[in-house]
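Chemist: structure for the following, please:
(chains A and B)
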Amino acid sequence: MSVLSIIFMVGCYPIIFLMYFMFRNMRNKNGYCFGATLSKELKNDPAIDAIDMEYRKRLKRDFIILGIIPFVALFIPYISIEFTIWMIWILVICFYPMVLYAKANAQVQELKRERGWEQASEISYTDLKIASIPRKVKFLTFFPTLLLSVVPVVVSYVLFPDEGFVAIRICMITFAACTWMFYGFAVLTDKQKMAVICDDSDTNMNFARAKKQIWKNFWLTCAWINTGFIWFVLVGMYFRHQAMAIIIWGCVAYGIVVMLIALKLVKKINELNRKYESKRTVVDSATDDSHWYYGMMYYNPKDTHVMVENRMGTGTAMNMATGVGKGMYIVAFLCLLIIPVTSIWMIMLDFTPMKTEVVDDTIVCTHLSVEYEIPLEEIESYKVITEMPEVTKVAGNGMDDICSGTFEIYREGMFEAFYNPQNDLFIKIITEEETYYISGIDDAQTQKIIEKLEK
Amino acid sequence: MIIAINEYSDIPIYLQIRNQIVLGISDGRLQPGEQLPTVRGLAEEMGVNSMTVNKAYQLLKQEGYIYTDRRNGAKVREQLNFSPELSEESREALQRVISEAKIRGITKEDFCKICGKFYE
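Modeler: Residues are numbered from 1 along each chain as shown, chains lettered A, B, ... in the order given. Coordinates of the predicted model:
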């Protein structure tokens, strides 16, 4: 089992349980039936029973099948294929239940049309008491974590100014940005419209207050964990040589913790909804079915809210009619686009053979493109070695059969790498500007280079 | 108190807010002296522009239903000192409703019954 498999198994496999429990019961979530407005009596109609049974059956069956796929990936010897399978699996796990949900939503809408059930009205309810609740998210509450997220980034520049930490520093800046993003989400969630569930203002207010508190605590916890992780990375930098390994395993632990917190959030929101379900008499139809595409995508130009409660029970939905909403959807799409692009790139890396040859008195190292060109006249010295020292990747790729990019040898410094770690022959080349460790695709190819160098 | 707004109604939203608050005061759901949400708070909660809520509050203030001060925001007036007669606008509206009722064949007694029900 490769390290990648362990990382994915520990960090990503639990997503399947999270998604299954999130989507298991959609018949009566927040007063909606598969994202459609239906009264309590109509939700118990035999036709709805049939839709619900079919949905549950397919969800269970397909999730069992999907649960087996990652175990198949364990037996694939190519890292790029394994990575691609995992990436596609994660995408399918996240989006497939939405497809089933959308299908059930379409069936319920169709049923509503056929039987003339409850025509959509555009009445929006607002409780004056909810509107009077002070905001739960205050900048000062988040300020310590926001400040502490930036400090390690600055400290890393002071303590470890050398180029060897570029990748780690980018990782730190990304996580620091996430802490600030969590604060932004907390503000948006706090500002989202709270559902009016009944005629009693006190009940509405208590429900809204509890929900806001749960969300605030969730984002605050996420922000603190994120900040904690940035400090962990800073500490990891002290162990220079093992820093990357420490950070990768830290990422796995971070992923698990965030997932547990997300599970706790789902549980708390579900508990709250269950507690107030018996008191629910009003279904806010302002955000009625016409504004909800497939019961999950919200588009309402007349609503200034950026975030609204989604109809799937736990999370929120962006209003695609607002500028921020459109922006978020574009960002999400671009993030998703990274997955196929990375997978294709990794497959190309894995299946394109490396080549090192001497052309016109220049050593040319080619993989996907020409990576290095070392004119023979610029070489000050070279040395043939039979074993590579222990190296750390700074930037580039370190796969099973090719290491290329900038690497570092502890106490020796950085160098440019282009070698097959499976080989037994390597050449260390020193020029005025750089140090290179190179090899051919196999020892025979390396031997040819050595012969040319000797001449 | 719950405000119900119909976005597709011919009545502008600010007027719907005003009407609902007046209704709330008349049926006791809004008590004298009761604090109303801030313009920003209500606008954010309703998902409408702040100017819309501000317009409704200005109208309510102008008509004497609420008062505002910078420190405490808007509150329902403790004592509503109106002369016991309808405003010109309300008279016109009532006349319109009566005419419609007449055309629809509603008798005077039935109409008074409906009025009585709403009045109570």
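Chemist: residue ranges of the helices in chain B, please?
Modeler: Assignment of helices within chain B using DSSP state H yields the ranges B:13-26, B:39-46, B:50-63, B:88-103, B:108-119.
Chemist: deepest-packed of those helices, please.
Modeler: Most buried of those by mean neighbour count (mean count of other Cβ atoms under 10 Å in any protein chain shown) is helix B:39-46; its value is a mean of 21. To be clear about C-beta, it is placed using only N, CA and C from the backbone, and glycine gets the same treatment.
Chemist: in terms of secondary structure, what does it contact?
Modeler: With contacts defined as 3 or more Cβ pairs under 8 Å, 6 or more residues apart in numbering or on different chains; DSSP states H and E, helix B:39-46 has these neighbours: strand A:123-127, helix A:128-132, helix B:50-63.
Chemist: closest one to B:Glu100 among these?
Modeler: strand A:123-127 (22.5 Å; Cβ to Cβ).
Chemist: just name whatever secondary elements the closest one is in contact with.
Modeler: Using 3+ Cβ pairs under 8 Å, 6+ apart, strand A:123-127 sits against helix A:201-238, strand B:2-6, helix B:39-46.
Chemist: try it again with 6 Å
Modeler: Where contact means 3 or more Cβ pairs under 6 Å, 6 or more residues apart in numbering or on different chains; DSSP states H and E, strand A:123-127 is packed against strand B:2-6.
Chemist: is chain A contacted by the strand it packs on?
Modeler: Yes: applying Cβ under 6 Å from any Cβ of the partner chain, one finds that strand B:2-6 is in contact with chain A at B:Ile2, B:Ile3, B:Ala4, B:Ile5, B:Asn6.
Chemist: buried subset of these?
Modeler: When burial is judged by neighbour count using 16 or more other Cβ atoms under 10 Å in any protein chain shown, the buried members of those are B:Ile2, B:Ile3, B:Ala4, B:Ile5.
Chemist: can I get these in CSV with pLDDT?
Modeler: Compiled in CSV, those are given as follows (pLDDT from 0 to 100):
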residue, pLDDT
B:Ile2, 87
B:Ile3, 88
B:Ala4, 87
B:Ile5, 86
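Chemist: interface residues of the stretch 201-350 of chain A facing chain B?
Modeler: Proximity of the stretch 201-350 of chain A to chain B (Cβ under 6 Å from any Cβ) is limited to residues A:Lys302, A:Asp303, A:Thr304, A:His305.
Chemist: how much space separates the residue nearest to the first one when sequence neighbours are not counted from B:Ser99?
Modeler: Leaving aside its sequence neighbours, A:Lys302 sits nearest to B:Glu7 (Cβ to Cβ, 6 or more residues apart in numbering or on different chains; 5.2 Å). Plainly put, B:Glu7 is 28 Å away from B:Ser99 if you go by Cβ to Cβ, to the nearest Å.
Chemist: same thing with A:Val154?
Modeler: Applying Cβ to Cβ to A:Val154 and B:Ser99 gives a distance of 75 Å.
Chemist: over to A:Val308?
Modeler: A:Val308 is 42 Å from B:Ser99, where distance means Cβ to Cβ.
Chemist: domain parsing for chain B?
Modeler: Split into domains by automatic domain parsing, chain B comes to B:13-76, B:88-119.
Chemist: okay if I get those as CSV plus mean pLDDT?
Modeler: Formatted as CSV, those follow (pLDDT from 0 to 100):
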stretch, mean pLDDT
domain B:13-76, 89
domain B:88-119, 88
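Chemist: possible to save the ones you listed as TSV with distance to A:Gly295?
Modeler: Shown next, in TSV, are these (distance: least, Cβ to Cβ, whole Å):
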stretch	distance to A:Gly295
domain B:13-76	20
domain B:88-119	38
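Chemist: show me the one of those that comes nearest A:Thr84.
Modeler: Closest among the domains of chain B, using Cβ to Cβ: domain B:13-76, at 42.3 Å.
Chemist: most neighbours, which of the residues of the stretch 201-350 of chain A next to chain B?
Modeler: Neighbour counts for those peak at A:His305, which has 25 neighbours (criterion: other Cβ atoms under 10 Å in any protein chain shown).
Chemist: residues contacting the nearest residue to that one once chain neighbours are set aside?
Modeler: Distances taken as Cβ to Cβ, 6+ apart put B:Gly47 closest to A:His305, at 4.5 Å, once the chain neighbours are dropped. With contact set as Cβ atoms under 6 Å, 6 or more residues apart in numbering or on different chains, B:Gly47 has these partners: A:Lys193, A:Asp303, A:Thr304, A:His305.
Chemist: outside of the helix or strand of chain A with the lowest mean pLDDT, which residues touch it?
Modeler: When the helices and strands of chain A are compared on mean pLDDT, DSSP states H and E, helix A:40-43 comes out lowest with a mean of 74. For helix A:40-43, the surrounding residues in contact (Cβ under 6 Å, 6+ apart) are A:Asn28, A:Cys33, A:Trp117.
Chemist: what sits against the first one?
Modeler: Shown here is A:Asn28, whose contacts under the criterion Cβ under 6 Å, 6+ apart are A:Lys43.
Chemist: do the last one as well
Modeler: The neighbours of A:Trp117, taking Cβ under 6 Å, 6+ apart as the test, are A:Leu42.
Chemist: same check on the second one?
Modeler: Neighbour list for A:Cys33: A:Arg27, A:Lys43, A:Val108 [criterion: Cβ under 6 Å, 6+ apart].
Chemist: for the residue nearest the centre of chain B, give its distance to A:Leu4.
Modeler: Nearest to the mean C-alpha position of chain B, counting by Cα atoms, centre = their mean, stands B:Asn19 at 2.3 Å. According to Cβ to Cβ, B:Asn19 and A:Leu4 sit 64 Å apart.
Chemist: and what of A:Asp360?
Modeler: 40 Å.
Chemist: same deal with A:Met296?
Modeler: 32 Å.
Chemist: show me where the stretch 351-455 of chain A has its strands.
Modeler: According to DSSP state E, counting those that start in this stretch, the stretch 351-455 of chain A carries its strands in the segments A:355-359, A:362-366, A:370-375, A:379-385, A:391-398, A:403-409, A:413-419, A:426-431, A:435-438.
Chemist: closest to chain B out of those strands?
Modeler: Judged by Cβ to the nearest Cβ, the one of these that comes nearest to chain B is strand A:391-398, at 45.7 Å.
Chemist: so what's the gap between the closest one and the chain middle?
Modeler: 23 Å (Cα atoms, centre = their mean, to the nearest Å).
Chemist: does the nearest residue to A:Gly236 once chain neighbours are set aside belong to a helix or a strand, and which?
Modeler: Nearest residue to A:Gly236, sequence neighbours excluded (Cβ to Cβ, 6+ apart): A:Ile246, at 4.0 Å. Using DSSP states H and E, A:Ile246 maps to helix A:243-277.
Chemist: elements contacting that helix?
Modeler: Right, helix A:243-277 is packed against helix A:3-11, helix A:201-238 by 3+ Cβ pairs under 6 Å, 6+ apart.
Chemist: so which of those comes closest to A:Thr141?
Modeler: helix A:201-238 (6.7 Å).
Chemist: now the closest one: average pLDDT?
Modeler: In this model, helix A:201-238 has a mean pLDDT of 91.
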